[in-house]
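Asker: I would like the atomic coordinates for the input below:
(2 chains)
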Amino acid sequence: MPGVGELRLVFRLGGVGFALPISQLLEIVEEEAHPSPLDHTRTDDGQEYCFRRGEAVSLYDLGRWLELPNQQDRPAVVLILAGLDGPWGIRVDMVAGIHPADDFLVRTVPDWVVRRDRWPSLQLLIWHEELLVQIDPRELEMRWRAA
Amino acid sequence: MTGKVALFSLGEGRFALPVERIVHIQPATTSFRLPLLQPGIAGLLIDRDEVVPVLEPARYFPGCISAEPALHVIFEADSGRVALPATRVLQMVECGQGSFRNDERTDGLGHKRVFMFQLQDYHWPDIDELLVNPCDVQSELSIEIEEA
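Answerer: Numbering: from 1, shown residues only, chains lettered A, B, ... in the order given. As a prediction, the model looks like this:
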């Protein structure tokens, strides 16, 4: 879990706000950027990959995994994260900046409130009167690899 | 039971709660519909820097077809604080001014408790019981969908 004093990236996906520590963030790529550092392909088994400067990056669909209903169709942003065996990425709708840890209040969610089997982290963050889901990229990666 | 009872309206329906368990009542605030919430949880709100689950009206008021809530009743349950949507606060009365009865539910899911005051029935939800028995929620939500 993020340490005290760590910066967090705030992003939005499907109308929900999220935050993750930047310690594992490698790059923020806007898919409409020209030239784009990403080239996309899809394997036969349905796992999407892209190539970032010649390096394969597994792309995971966080929105579908969390069953978010309101995902936008237009090209958005890819967050490239440092994984155990190499970079991996998630598509998000927009990035809302990088902010110091002091801007956030960490709060725990009771087990009876959420579906804990799918929740990447049982903690929420209060940030400027908004509730964000705290993402631990390492935990998320481990859950997807185990799925 | 002794003490005061708070009477509320919720759309066309009415319900009652023990005042001693009510933390406060506030205008309805932003409720965040976060992913993977359990059935019966409408969202989460921020109350004085704490996260409070907002219950779906069908969870504590079976069969009630409610309008957009004007109020959130912050209730101290055994499992923690929860927010119950309401339309209006009608009255605060002494428990002894009314009476309780148990009505058999038409859906066959046991009994529902009713507080009667001045010839009006007020649904009396057992919030603590509802929160520890989530399996009843899906049945109740299904009933509301069928009736709608």
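
Asker: residues contacting the most centrally placed residue in chain A?
Answerer: Taking CA atoms, centre = their mean, the centroid of chain A lies closest to A:Ile90, which sits 5.4 Å from it. Counting by CB atoms under 8 Å, 6 or more residues apart in numbering or on different chains, A:Ile90 makes contact with A:Leu59, A:Tyr60, A:Asp61, A:Leu62, A:Val78, A:Leu79, A:Leu81. C-betas here are computed from N, CA, C, even on glycine.

Asker: Next, work out how far apart it and chain B are.
Answerer: 14 Å (CB to the nearest CB, to the nearest Å).

Asker: hang on, the earlier thing: of the contacts of A:Ile90, just say which sits nearest to B:Leu36.
Answerer: The nearest member of these to B:Leu36, counting by CB to CB, is A:Leu62 at 11.9 Å.

Asker: got a list of what the closest residue in space to A:Leu13 that isn't next to it in sequence touches?
Answerer: Computed as CB to CB, 6 or more residues apart in numbering or on different chains, the closest residue to A:Leu13 that is not its neighbour in sequence is A:Val92, at 4.7 Å. Contact analysis of A:Val92 by CB under 8 Å, 6+ apart lists A:Phe11, A:Arg12, A:Leu13, A:Phe18, A:Leu62, A:Ala76, A:Val77, A:Val78, A:Leu79.

Asker: So which of those residues sit within helices?
Answerer: A:Leu62 (DSSP state H).

Asker: Among the contacts of A:Val92, which one has the most neighbours?
Answerer: A:Phe18 (26 neighbours; other CB atoms under 10 Å in any protein chain shown).

Asker: Next SSE downstream of the helix or strand containing B:Phe15?
Answerer: Using DSSP states H and E, B:Phe15 sits within strand B:13-18. Of the helices and strands lying after strand B:13-18 in sequence (DSSP H and E), the nearest is strand B:22-27.

Asker: Just the residues contacting that next one, thanks.
Answerer: B:Ala6, B:Asp47, B:Ala70, B:Leu71, B:His72, B:Val73, B:Ile74, B:Phe75, B:Glu76, B:Arg81, B:Ala86, B:Val89.

Asker: List the pairing partners of it within its sheet, with orientation.
Answerer: Take DSSP bridges as the rule and strand B:22-27 pairs in its sheet with strand B:71-77 (antiparallel).

Asker: Any idea how far the very next helix or strand once past the strand it pairs with is from the middle of the chain?
Answerer: Using DSSP H and E, the helix or strand that follows strand B:71-77 in sequence is strand B:80-86. Chain-centre distance of strand B:80-86: 7 Å, with CA atoms, centre = their mean, to the nearest Å.

Asker: Can strand B:80-86 be said to contact chain A?
Answerer: Yes - judged by CB under 8 Å from any CB of the partner chain, strand B:80-86 and chain A are in contact via B:Gly80.

Asker: tell me the angle of that strand relative to strand B:22-27?
Answerer: Angle of strand B:80-86 versus strand B:22-27, following axes from the mean of the first three to the mean of the last three CA atoms, to 10 degrees, is 40 degrees.

Asker: With chain A as the reference, measure out to B:Val51.
Answerer: 5 Å.

Asker: Was I right to think that residue contacts A:Val106?
Answerer: No - at 10.4 Å, B:Val51 does not count as touching A:Val106 under the criterion of CB atoms under 8 Å.

Asker: shared neighbours, those two?
Answerer: A:Leu124.

Asker: Of the two, which one has the most company?
Answerer: A count of neighbours by other CB under 10 Å puts B:Val51 above the other of B:Val51 and A:Val106, at 23 against 13.

Asker: Double-check that that one belongs to a strand.
Answerer: Yes - counting by DSSP: H, G, I helix; E, B strand; the rest coil, B:Val51 is found in a strand.

Asker: How about the contacts made by it?
Answerer: A:Arg107, A:Val109, A:Leu124, A:Ile126, A:Leu131, B:Leu44, B:Leu45.

Asker: what about residue 100, neighbour count?
Answerer: You didn't pick a chain, so chain A it is. 10.

Asker: actually chain B
Answerer: B:Phe100 - counted by other CB under 10 Å - has 14 other residues nearby.
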